[in-house]
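> Here you go, sequence then predicted model.
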Amino acid sequence: MMINADSEVVFHFSIKLPDGSVADSTKVSGKPAKLVIGDGSLTPGFEACLLGLEAGSEASFTLPPEQAFGMPNPDNIYYVERDKFSPETPAEEGTIIAFTQPDGTELPGIIRSVAGQSVTVDFNHPLAGQTLTFDVEIIEVNPVSKSTDGSTTTAH
């Protein structure tokens, strides 16, 4: 069965940086990823690479930033007063800190610089702006059917 817009996919993947180093891989944990195409688990660019593949196939795709995690957005860089940080979570360059948003969800930010009382926090995806290689190994493809109430079920 080929992967299409109504597929559940079980697969291993690796995301490699331009220098060949691995930024993320399911093979490290030995646990494959599982998703339903269109559920938001992957960016549309990564999902498009999976369409048409079948169980047992392996493929490698190089994606420009626009198809991967996008370009860095200057609006996602904030300046925070240093006294907003605590001894438990000090403002140190290169540190990733989870900031709680008004709705209670957490958003990770990378501290890019600390200058006096000003801390520059970057909320762009850490891989934004990078050309990435997406290696996949498809393990299983299952059809997903949508019921009349909008929920999905997977046929195995």
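Nice, thanks for sending it over.
> and Ser118, what does it touch?
79-82 (CB atoms under 8 Å, 6 or more residues apart in numbering). Every residue, glycine included, has its C-beta placed from N, CA and C.
> Could you identify the most distant pair in the residues you listed?
The distance between the two most remote of those (CB to CB) is 10.2 Å, for Tyr79 and Arg82.
> Low-confidence stretches in the protein?
Within the chain, the segments meeting pLDDT under 70 span 146-156.
> so Leu107 touches Phe123, yeah?
Yes - in this structure, Leu107 is within contact of Phe123 by CB atoms under 8 Å, at 6.0 Å.
> Neighbour count for these two, which is higher?
Neighbours per residue, other CB atoms under 10 Å: of Leu107 and Phe123, the larger number sits with Phe123, 16 against 12.
> Give me the nearest residue to that one, chain neighbours excluded.
Nearest-residue entry for Phe123: Asn76, 4.3 Å, with adjacent residues in sequence omitted and distances by CB to CB, 6 or more residues apart in numbering.
> The one you found: neighbour count?
Using other CB under 10 Å, Asn76 is surrounded by 14 other residues.
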